[in-house]
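Undergrad: Quick one: sequence and predicted model below, then my questions.
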There are 2 protein chains.
Amino acid sequence: MVERADAARNRVAVLAAAEELFQREDVEHVSLERVARAAGVGKATVLRRFGDLLGLIQAVIAVRVAELQDRVRSGPAPLGPGGTDGCGHLHAYLDALFDFVLDNRKLIRALEVCGPHAYYDNPASQFWADELARRIGAARPGVDADYLAYAVFTVLRADVIDYLRHHRQMDVDRIRAGLHVLADPRGA
Amino acid sequence: MVERADAARNRVAVLAAAEELFQREDVEHVSLERVARAAGVGKATVLRRFGDLLGLIQAVIAVRVAELQDRVRSGPAPLGPGGTDGCGHLHAYLDALFDFVLDNRKLIRALEVCGPHAYYDNPASQFWADELARRIGAARPGVDADYLAYAVFTVLRADVIDYLRHHRQMDVDRIRAGLHVLADPRGA
DNA sequence: GTACGATACGGTCCACTGGTCCGTTTGGCA
DNA sequence: TGCCAAACGGACCAGTGGACCGTATCGTAC
């Protein structure tokens, strides 16, 4: 079944409204209804299209995820594959993930409040965490790369980084440095 | 002003009901109203006593926190002060925190959903994190102990540990081991 | 160009939340 | 015993995510 024209129109309107609203407002004040209203559409239309609030947020994030995934999967080294320097691979990847979180804090925060494990349990996160485990395993043979990957992925949560920046007055460079030490204490 | 007898009666009833309810039910199904009803009391009574839901949960946790804080502040080494083995201090402390989280998962989960930073922004957590930074600094001079302490404290979140156990099938010993490596990669 | 069936639409409704308000009851002191 | 501050709790509020269903619109087959 091909997508009807009005449905397509509404889909892009809802995505655009959601993106705009999540950037502009505080995460906890963005509700399904407000997104719908901002898009000039009924709540039910949003729900039907995206299943639930979580689905909507994932759809908004997905656009941004794709770009980074491409660079990781098939871009130039050290972020992309190729080269054999395990440490360089790992640290480039950490930087890319960290930048991604900084750029998309609001959306990731919104994702985190959707459910207890919404941050971890979504296809993109699985990819990020798996890739992280692979690179940690390559750079640090002998450690429990799976656990460590989830630990690092956890301190990459947007709420955590926001807390450290705004309540503990740590600047981004300090957090970034700490992250690298955490993932690979022997340095790059 | 001394506490009136009926107020005292209600305070213990609410605390008991909350404790019981948080243990028995899923965190997200425990609401202010249900606690009040279980205590045989009006919602407003709970609110007046504890300010808001966060205050209630903190009050319930406080009882359990006190016991561990005593052991840390004035108990026997290696958890308590005394002795000079920095690593032993750190690892005993990590074990104690980890056990505390396992024993109080439900309550900590409830705390986490109260607000974006409710897990970090409460007096007990400040104590735990500061002490953690102190012990990490002692065991590993030269690292950014403050950042690392928050990172470890973050990985100790009950939702994170629950996720690793039940969705990633990691058993508690594995998580515990990973935690020790994270805080001190050179081993105990 | 028109008629029709499938599809998408959105307002209304629901159960529920945390929190406020305010008239009523109760405890403790003089 | 009488009184009043303090504590009480139910009704109420604005808000949530989500379900429902009668209606309007779209695209197609004629």
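TA: That came in fine, so what should we check first?

Undergrad: Show me what the helix ranked longest in chain A is packed up against.
TA: Ranked by residue count and defined by DSSP state H, the top helix of chain A is helix A:53-74. Under the contact definition 3 or more CB pairs under 8 Å, 6 or more residues apart in numbering or on different chains; DSSP states H and E, helix A:53-74 sits against helix A:5-24, helix A:32-38, helix A:43-50, helix A:86-103, helix A:105-112, helix A:123-139. In short, each C-beta sits where N, CA and C put it, glycine included.

Undergrad: Need the winner for burial among those.
TA: Compared across those, helix A:105-112 shows the largest average neighbour count, a mean of 22 (mean count of other CB atoms under 10 Å in any protein chain shown).

Undergrad: That helix close to DNA strand D?
TA: No: shown here: helix A:105-112 not in contact with DNA strand D (CB under 7 Å from any atom of the strand), separated by at least 9.5 Å.

Undergrad: give the contact list for residue A:106.
TA: Going by CB atoms under 8 Å, 6 or more residues apart in numbering or on different chains, residue A:106 touches A:22, A:23, A:27, A:158.

Undergrad: hmm, back to that, could I get the helices and strands packed on helix A:53-74 in a markdown table, plus columns for mean pLDDT and distance to residue B:89?
TA: Output for the helices and strands packed on helix A:53-74, formatted as a markdown table (pLDDT from 0 to 100; distance: least, CB to CB, whole Å):
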| stretch | mean pLDDT | distance to residue B:89 |
| --- | --- | --- |
| helix A:5-24 | 93 | 44 |
| helix A:32-38 | 93 | 49 |
| helix A:43-50 | 92 | 50 |
| helix A:86-103 | 94 | 30 |
| helix A:105-112 | 93 | 33 |
| helix A:123-139 | 95 | 28 |
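
Undergrad: Kindly reformat those as TSV containing distance to DNA strand C.
TA: Rendered in TSV, the data for those read as follows (distance: least, CB to the nearest atom of the strand, whole Å):
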stretch	distance to DNA strand C
helix A:5-24	3
helix A:32-38	7
helix A:43-50	3
helix A:86-103	28
helix A:105-112	18
helix A:123-139	23
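
Undergrad: So which residues on chain A come close to DNA strand D?
TA: Applying CB under 7 Å from any atom of the strand, one finds that chain A approaches DNA strand D through A:2, A:4-6, A:29, A:31-34, A:43-44, A:47, A:52-54.

Undergrad: returning to what we had before: which parts of the longest helix of chain A count as buried, going by neighbours?
TA: Of the residues in helix A:53-74, those with enough neighbours to count as buried (16 or more other CB atoms under 10 Å in any protein chain shown) are A:53, A:54, A:56, A:57, A:58, A:59, A:60, A:61, A:65, A:68, A:69, A:72.

Undergrad: Contacts only, for the fifth one.
TA: The contact partners of residue A:58, by CB under 8 Å, 6+ apart, come to A:111, A:122, A:124.

Undergrad: how far away is the last one from residue A:135?
TA: I take that to be residue A:124. Distance of residue A:124 to residue A:135, computed by CB to CB, to the nearest Å: 17 Å.

Undergrad: What of the first one?
TA: Taking CB to CB as the criterion, residue A:111 is separated from residue A:135 by 23 Å.

Undergrad: Check the second one too.
TA: Using CB to CB, one gets 20 Å for the distance from residue A:122 to residue A:135.

Undergrad: Go ahead and list the helix or strand containing the residue nearest to residue A:178 when sequence neighbours are not counted.
TA: Excluding its sequence neighbours, the residue lying closest to residue A:178 (CB to CB, 6 or more residues apart in numbering or on different chains) is residue B:147, at 3.5 Å. Element membership of residue B:147, judged by DSSP states H and E, is helix B:145-155.

Undergrad: after that helix comes which helix or strand?
TA: Elements were assigned by DSSP H and E; along the chain past helix B:145-155, the next helix or strand is helix B:158-166.

Undergrad: In terms of secondary structure, what does that next one contact?
TA: If contacts are counted by 3+ CB pairs under 8 Å, 6+ apart, helix B:158-166 sits against helix A:145-155, helix B:86-103, helix B:105-112, helix B:172-183.

Undergrad: if we go to 10 Å?
TA: Secondary-structure packing of helix B:158-166 (3 or more CB pairs under 10 Å, 6 or more residues apart in numbering or on different chains; DSSP states H and E): helix A:145-155, helix B:86-103, helix B:105-112, helix B:145-155, helix B:172-183.

Undergrad: need these in CSV with distance to residue A:172, can you?
TA: Formatted as CSV, those follow (distance: least, CB to CB, whole Å):
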stretch, distance to residue A:172
helix A:145-155, 13
helix B:86-103, 27
helix B:105-112, 24
helix B:145-155, 12
helix B:172-183, 21
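
Undergrad: phi, psi of residue A:121?
TA: The phi/psi pair for residue A:121 (degrees, to the nearest 10) reads phi -90, psi 60.
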